[in-house]
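J.: Quick check, what structure comes out for this input:
(2 chains)
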There are 2 protein chains.
Amino acid sequence: MTNLALIEELKTLVDAGKVLTDADSLDAYGKDWTKHFAPAPLAIVFPKSPEQVQAIVRWANQHKVALVPSGGRTGLSAGAVAANGEVVVSFDNMNQILAFNEMDRTVVCQPGVATQQLQEFAQDKGLYYPVDFASAGSSQIGGNIGTNAGGIKVIRYGMTRNWVAGMKVVTGKGDVLELNKDLIKNATGYDLRQLFIGAEGTLGFVVEATMRLDRAPKNLTALVLGAPDFDSIMPVLHAFQNSLDLTAFEFFSDKALAKVLARGDVPAPFETDCPFYALIEFEAVNDEVAEQALNTFEHCVEQGWVLDGVMSQSEQQLENLWKLREYISETIAHWTPYKNDISVTVGQVPAFLRDIDEIVAKNYPDFEVVWFGHIGDGNLHLNILKPDNLSKDEFFAQCATVNQWVFETVQQYNGSISAEHGVGMTKRDYLHYSRSAEEVAYMQAIKAVFDPNGIMNPGKIFPV
Amino acid sequence: MTNLALIEELKTLVDAGKVLTDADSLDAYGKDWTKHFAPAPLAIVFPKSPEQVQAIVRWANQHKVALVPSGGRTGLSAGAVAANGEVVVSFDNMNQILAFNEMDRTVVCQPGVATQQLQEFAQDKGLYYPVDFASAGSSQIGGNIGTNAGGIKVIRYGMTRNWVAGMKVVTGKGDVLELNKDLIKNATGYDLRQLFIGAEGTLGFVVEATMRLDRAPKNLTALVLGAPDFDSIMPVLHAFQNSLDLTAFEFFSDKALAKVLARGDVPAPFETDCPFYALIEFEAVNDEVAEQALNTFEHCVEQGWVLDGVMSQSEQQLENLWKLREYISETIAHWTPYKNDISVTVGQVPAFLRDIDEIVAKNYPDFEVVWFGHIGDGNLHLNILKPDNLSKDEFFAQCATVNQWVFETVQQYNGSISAEHGVGMTKRDYLHYSRSAEEVAYMQAIKAVFDPNGIMNPGKIFPV
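T.: I've put the predicted structure just below:
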C-alpha cells in the first residue's frame, strides 16, 4: 500500500480533519524538547476515544506501520520523537477530566489532560496533585505515566507511579485492558499497571488514567541555606529529615545561582557567598514546627555545615526562594548546556559528584559545570556549559566523550543513567550501563508479548 | 531419574544436612495457614546463598522439577503449599540482615528475615518499618514481597511494594537479576522489580531485598468510635481524613466486638452498644492535633454519625484499643470461619457491603456474618461463622456457593477477589472475576518469559 493510500485509510478511523500531513504539523508534532533529531513523521492522527485509538493500533498492526505516542512533547530524551516515517498519535483531543470521586480522592483523566490542568482541578476541590516540574503547563498525564515523571516533590510524594490508581490501555496487539480498576488493594496476580508506567509507549498507549489526589499541603515554607562545601549538604539533609517531614530538598551550586541572579528579576537569598545551596521545604503546620526548623538550622550553623540561611515568612517569599531553583534550567539554556540526568543512592552522592567533577575538570578545564538537582532522592542534573569559543558541533562531540566517562562512573556507583527523563532515543545506546544484558533481554521479551509486530514507539528504550 | 536419585543430586547443591525428606518436615514445610490441601512435597531444601538458590533453579530446569518457595508459611491462599511432589525451597537459613544505610534509610535483607525482625531492627535505629499485620512474628520479607503484603497501616504507608528499594532475584530460567539497585529515581525502561512484587514466586525467587524505612511515628493515638449504622462510617472517614493525616482507619461490627470482649482479657471501649465501630489512628504530634481530633469527633457526634467514642491517653490504652481489632481473627478462628478478603473502591464500600449482607441473609439466614477490615483502603474481611449444627464439610460446601455470589458481586463493583492475601491455589479458579481473559493471557505469556519450563510455583495464580 502506498503512503497516500495508508493515509486515506487512516482518515476513515477518526473524525473528519483529524489526520494532518502539512509540513508545519509534521514538524511540530514530530519532535519534543530534545531537538537532536529531525522530525519526519508520515502523518499526525488525533483520536478522540479509546475506541479510535484501538482502531488505529489494529490498523497499524495490519500494515506494519510504526506509531509514536505524543503528549505535551516536553520530553528530554526523544521518547516522543518521530524521525522515521511513523504515524504520530496525538492525545491533544483527549484532554478532558471525566470524573471526580471525592471519597476515594481520585480523578479520571483522559491521557491528554495537562499536568497543570489536573493540579488546578485538584486545587478547586481543596485537594492536591503533587507531581510537579517545570513543564507542568504543557506536559500531559499520558506522557507523565509513560516516563513515570518525577520532579521537585519526589522526596515526599514519590514519582507519578504512586498516583496512578488505575489505567485503561490499548496494547500493541490492540487489546483494551483495564488495569487495577482504581483499587488500593488488589493482590490478583501481576500488576500490569506497573509495567506500563515508565514504558514510554513501547508496550501500548494509555487511553485513560485514574489519578489519586492528596490533601492540600498546609503553609508550605522554604529555607535556603548556604554550605561551605558539598559534603556539608548531606548532614544538613540528614538533620532536617530527622526533625521534619520534608516536601522538598533541592540543591544548586554557586554557578547556578549566579546565572539566575544575573537575570535581575529574582532577589538574592542572603549576602554570604557560598559554593553550594540547599532549598528545603516543609509544611509549617504550626509555630512549633517552624521553631523546630529554625532550631535545626541553628544546629547546622553550629556544626559548621551552614554559613548563612533564610526562611520564607510569606507565600511571596516562598515563591521567590523557589525561583532560585526553578529558573536554573531555563536560564542556562542560553549556554547550550550538555545535560545529564543521573542518580545514585543518596548516601553515595558526595563521592559520586566529586568523581564526576574531577573527570570534567581534568579533561575539560575550560568547561563550566553547573550542578543542581533533587538531592533528597539522589538525582543530580549535570549541566556542562558550552564555552563561547567552541562551535555547537564541536562541543557536543567532546561531550559525547564525557558522556561515556560519566556513565562509566554511574555504573561503578550502581546508579541510573536516566533518573527521571526516560531512555527514549538519547539514552538507548547507554542502557547497558544501568541494566544488565539479561535484564534487557527480559525487557525485550516482554515487549514482544505486548507488541509482537514491534509497531509501538520502535527505537525507543531499545535500538530497533 | 528416580526421586531418590533426584534427592541425592539435590543434596550436592547445598550444605550437608540441608535437604530434608522426613515425614514431619514434609508435612510442616509443605503447607501454610490455609490447611485446605494435604501437603505432599518431595523434599525440603535450605539454601544459604543466592548462588545455591541459582543452582537449585538450574537443576530444577534440567530435571523439570517443580519448586515451591517457602517463607514463614503464614499465607492465607495456599501460595506456598506443596501438594504435588514439589521441592520446597525454604529461606529459613537466609534470615540475616546484611547492611544498614543510614543516609538512605535502607536495610539489605535476606529473604528469610522475619517481618518483626525488620521492624525491631528499624526501631533500634530510631526508624520504622511500617508494613504490619497479625503474622509479623513469623512471616518473612520474601513472602511479604511475593504477596505484596498489606496490613493495618496501608492507608498511610501503602503496601510492601512501596518499601522495596531494590531486589536480587533468581528467575525461573536461573538468571540472577539485580533490580533497581536501591535507587529512588531510575527511568531506564521497565521496572521489573514491580513485576516480581506480588508474583507469588511464579516468575522467580527473591534472594535479597533492600527495604526502605521511615521515620518513627510520634505519639500514636487511637480513637474508637461507635456508629449507628454502616453508612455513617464513611462520612466519619471523610471528616477525619480531611482534618488529620491518619495512620489507620479500621472497622469492625458489633458481632466481632462481642466475640473479642467474651474472651474477658480486653476492656470494652465504652458502654454504648453500637452496630459498627471505627478504629482511627493518627500521630498526636502536639496538643493542637489532639484537639483537632476531638473537634472532629464532636462534629461527627453532632451529625449523628457517631454515638459514643474514646481516645487513648496512654500507650497502654492505645494497645488495648488495637486489641479490639487485632484479636478478631484469632478469636473467631474457634468458629471455623469461611473467610474472604475482598476490596472495592472506598466510595463503593457501603453499597457493596449491603449487597453481600443481603445475599447471605437471604440464602443462609442461620449463618452469622462477622465483618471487619481496613475500610480506609476499601478492604473488607468477610467472615461467615459455622453454625454448630453443620459439619465442617457441609458448611464449606455451602460456602462454595456463597463464594460464587460474593465474587459475582465483587465483579459488578469492579472489585478484587483478593485484596491482600494473593491468589495462590484458593482463588485461582476465581481469577476471572477480577482480571479479564486478555489480562490473564498476558500474565501467562509473561510467566513464560521468565519461567519457560513452568517450574516456579506451578498451579499458583493460574491453573496448571
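
J.: contacts, neighbours, all on C-alpha from now
T.: Fine.

J.: A:Arg156: what secondary structure?
T.: Secondary structure assignment for A:Arg156 (DSSP: H, G, I helix; E, B strand; the rest coil): helix.

J.: and it, how many residues sit next to it?
T.: 16 (other CA atoms under 10 Å in any protein chain shown).

J.: Ok, A:Ile184 next?
T.: A:Ile184 has 26 nearby residues by other CA under 10 Å.

J.: Contact residues of the stretch 251-400 of chain A facing chain B?
T.: Residues of the stretch 251-400 of chain A that fall close to chain B, judged by CA under 8 Å from any CA of the partner chain: A:Ser343, A:Val344, A:Thr345, A:Val346, A:Gly347, A:Asp377, A:Gly378, A:Asn379.

J.: Need phi/psi at the nearest residue to the fourth one once chain neighbours are set aside.
T.: Sequence neighbours aside, A:Gly378 is the residue nearest to A:Val346 in space, at 4.4 Å (criterion: CA to CA, 6 or more residues apart in numbering or on different chains). Geometry field for A:Gly378 lists phi and psi as phi 70, psi 10, criterion degrees, to the nearest 10.

J.: A:Gly378 and A:Pro350 touch, don't they?
T.: No: counting by CA atoms under 8 Å, A:Gly378 sits too far from A:Pro350 to count as a contact (9.8 Å).

J.: what's the spacing between A:Pro69 and A:Glu9?
T.: 19 Å (CA to CA, to the nearest Å).

J.: neighbour count winner among these two?
T.: Applying other CA under 10 Å to A:Pro69 and A:Glu9 shows that A:Pro69 carries more neighbours, namely 28 against 12.

J.: mind checking the SS state of the more buried one?
T.: Here A:Pro69 is recorded as strand under three-state DSSP.

J.: On the pLDDT front, check it for me.
T.: For A:Pro69, the model assigns a pLDDT of 98.

J.: Leaving out sequence neighbours, find the closest residue to it.
T.: Excluding the flanking residues, the one nearest A:Pro69 by CA to CA, 6+ apart is A:Val89, at 4.9 Å.

J.: is the one you found in a bridge, and if so with what?
T.: Taking DSSP bridges as the rule, A:Val89 bridges to A:Val45, A:Pro69.

J.: which residues does the residue lying closest to A:Ala361 once chain neighbours are set aside contact?
T.: Residue nearest to A:Ala361 in three dimensions, not counting chain neighbours: A:Phe367, with 7.5 Å by CA to CA, 6+ apart. By CA atoms under 8 Å, 6 or more residues apart in numbering or on different chains, the contact list for A:Phe367 reads A:Val360, A:Ala361, A:Ile384, A:Leu385, A:Lys386, A:Pro387.

J.: hang on, the earlier thing: and A:Gly378 and A:Pro350? Which one has more around it.
T.: A:Gly378 (24 against 17).

J.: circling back: I figured the residue nearest to A:Pro69 hits A:Ile44, correct?
T.: Yes: with contact defined as CA under 8 Å, A:Val89 reaches A:Ile44; the gap is 6.1 Å.

J.: neighbour count winner among these two?
T.: Counting neighbours by other CA under 10 Å for A:Val89 and for A:Ile44 shows that A:Ile44 has the greater number, 27 against 23.

J.: Go ahead and confirm that one touches A:Ala28.
T.: No: proximity of A:Ile44 to A:Ala28 does not meet the contact threshold set by CA under 8 Å, at 9.9 Å.

J.: Please work out which residues outside the lengthiest helix in chain A touch it.
T.: Ranked by number of residues, the top helix in chain A under DSSP state H is helix A:392-412. For helix A:392-412, the external contacting residues (CA under 8 Å, 6+ apart) are A:336, A:338, A:342-344, A:352, A:355-356, A:359-360, A:386, A:416-417, A:430, A:433-434.

J.: now stretch A:24-41
T.: Under the contact criterion CA under 8 Å, 6+ apart, stretch A:24-41 has outside partners A:20, A:42-44, A:70, A:73-88, A:90.

J.: Now with 6 Å, please.
T.: Applying CA atoms under 6 Å, 6 or more residues apart in numbering or on different chains, the external contacts of stretch A:24-41 come out as A:Arg73, A:Thr74, A:Gly75, A:Leu76, A:Ala78, A:Val81, A:Ala82, A:Ala83, A:Asn84, A:Gly85, A:Glu86, A:Val87.

J.: Report the central residue of chain A.
T.: Closest to where the C-alpha atoms of chain A average out (CA atoms, centre = their mean) is A:Ala149, at 4.0 Å.

J.: so what's it up against?
T.: By CA under 6 Å, 6+ apart, the neighbours of A:Ala149 are A:Met159, A:Thr160.

J.: Quick check, pLDDT for it.
T.: pLDDT for A:Ala149: 95.

J.: now it: how far from A:Ile375?
T.: For A:Ala149, the distance to A:Ile375 equals 16 Å [CA to CA].

J.: Sketch out the low-pLDDT regions of the stretch 1-150 of chain A for me.
T.: Regions of the stretch 1-150 of chain A meeting the criterion pLDDT under 70 are absent.

J.: what residues does it put near chain B?
T.: Residues of the stretch 1-150 of chain A lying close to chain B by CA under 6 Å from any CA of the partner chain are A:Met103, A:Asp104.

J.: For the stretch 1-150 of chain A, just list every one of the helices.
T.: Ranges of helices in the stretch 1-150 of chain A, per DSSP state H, counting those that start in this stretch, are A:3-11, A:23-29, A:50-63, A:115-124, A:141-147.

J.: on that earlier part again, which ones among the contacts of stretch A:24-41 map onto strands?
T.: A:Val87 (DSSP state E).

J.: coming back round to it: C-terminal to the longest helix of chain A, what's the next element?
T.: Following helix A:392-412 in sequence order, the next helix or strand is helix A:437-450 (DSSP states H and E).

J.: could you give the angle of that following helix to helix B:437-450?
T.: Counting by axes from the mean of the first three to the mean of the last three CA atoms, to 10 degrees, helix A:437-450 lies at 150 degrees to helix B:437-450.

J.: Name the residues of stretch A:51-66 that are buried.
T.: For stretch A:51-66, the neighbour count (16 or more other CA atoms under 10 Å in any protein chain shown) marks A:Gln52, A:Val53, A:Gln54, A:Ala55, A:Ile56, A:Val57, A:Arg58, A:Trp59, A:Ala60, A:Asn61, A:Val65, A:Ala66 as buried.

J.: quick one: the nearest residue to the fourth one once chain neighbours are set aside and A:Val57, what's the gap?
T.: Nearest-residue entry for A:Ala55: A:Leu13, 6.4 Å, with adjacent residues in sequence omitted and distances by CA to CA, 6+ apart. In this structure, A:Leu13 and A:Val57 are 10 Å apart, going by CA to CA.
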